[in-house]
Each structure stands twice: as C-alpha cells, then as structure tokens.
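[1] need coordinates for the following:
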Amino acid sequence: MKIDIGISQKDREAIAKGLSHLLADTYTLYLKTHNFHWNVKGPMFQTLHTMFETQYNELALAVDEIAERIRTLGFPAPGTYKAFAELSSIKEDDGVPAATDMIRLLVEGHETCARTAREAFPACDKASDEPSADLLTQRMQEHEKTAWMLRSLLEK
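    Coordinates of the predicted model:
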C-alpha cells in the first residue's frame, strides 16, 4: 500500500538511512554499556554498575523508538548483528577494559551517537519531517547529557 504522509519516497528513504545508522550506533552502544555493567570492577563498582544499568535501559527504549520510526517511514529496520556492524560507527572492544577506560569508551560512544543523529537531521529538515527531527533532537540531547555526566567522572 502506498504511503502518503506528505514526505516523498526519496526523502523518506534518505531519512530512514540516517535513522538506520543511528539505530546501529545506539544498539552497539547499548550492547557495550550492558557488557560494561556486567564486567565493571574496582572502587567505583557500585556507582558504575548502577549508572550503566540506567544507561543501557534508556538505550534499549531508544532502539525501539528509532526502529519504529524507520518502519513508520516505510522501510525495514536493520536488526541483525551483521547489519549493525556494517552500519555502526562504534566499534566493539576486545577484553574487559579498566573502569576508567569503560567510562572513556562510553563517552566516545555517546558522542558518536550525538554526531550520527546530527548528521541525519538535515534530511528531516529538508522534508519537513518533524517527528523524525524531534526524535533526533531528543537523542542528541540524551547522548550529549550522558557524555557530560560520564566525562565528569574522569575529572580530577
């Protein structure tokens, strides 16, 4: 059935492509954060264990919102590790980093997600796709705030 929401097929496709990259980055960051939650140790264990749990729960909700927006635009949402690996700007880490390295890696991941969302924004603006733009704005705000909070843990 034809989709007629006031956004052309070409524009919807461009927006869905940007959202797919954000979905891949968000899912990869979710998995990294969950991994760090399980494996963190050291004097900041309780603080980081709890913080990482809050963060991966927020990311899990975001993944669903992003995927559903892609579907709303009429395109399949990527949903495999292979697709995410191809689309994501965030790379997986080998081994179990030290707690401070986990924090640094998560800062980098949140900043990457913020950049990915920002890169997808012009296609939404061009097509007057306010719902996608709103989603991207919310994601940028969340990632920038979380990166700031994590960075504050590294300050001396």
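
[2] I'd like the next helix or strand past the helix or strand hosting R12.
    Following DSSP states H and E, one finds R12 within helix 9-39. Next in sequence after helix 9-39, counting helices and strands by DSSP H and E, comes helix 45-72.

[3] what pLDDT, on average, does the next helix or strand after that following helix get?
    For helix 45-72, the following helix or strand on the C-terminal side (DSSP H and E) is helix 81-87. Averaged over helix 81-87, pLDDT sits at 95.

[4] same question for stretch 144-155.
    96.

[5] and what of stretch 98-108?
    The model assigns stretch 98-108 a mean pLDDT of 97.

[6] same check on stretch 31-39?
    Stretch 31-39 carries an average pLDDT of 96.

[7] next: stretch 67-77.
    In this model, stretch 67-77 has a mean pLDDT of 97.

[8] and that stretch, what's buried?
    For stretch 67-77, burial by neighbour count (16 or more other CB atoms under 10 Å) applies to A67, R69, I70, T72, L73, F75, A77. To be clear about C-beta, it is placed using only N, CA and C from the backbone, and glycine gets the same treatment.
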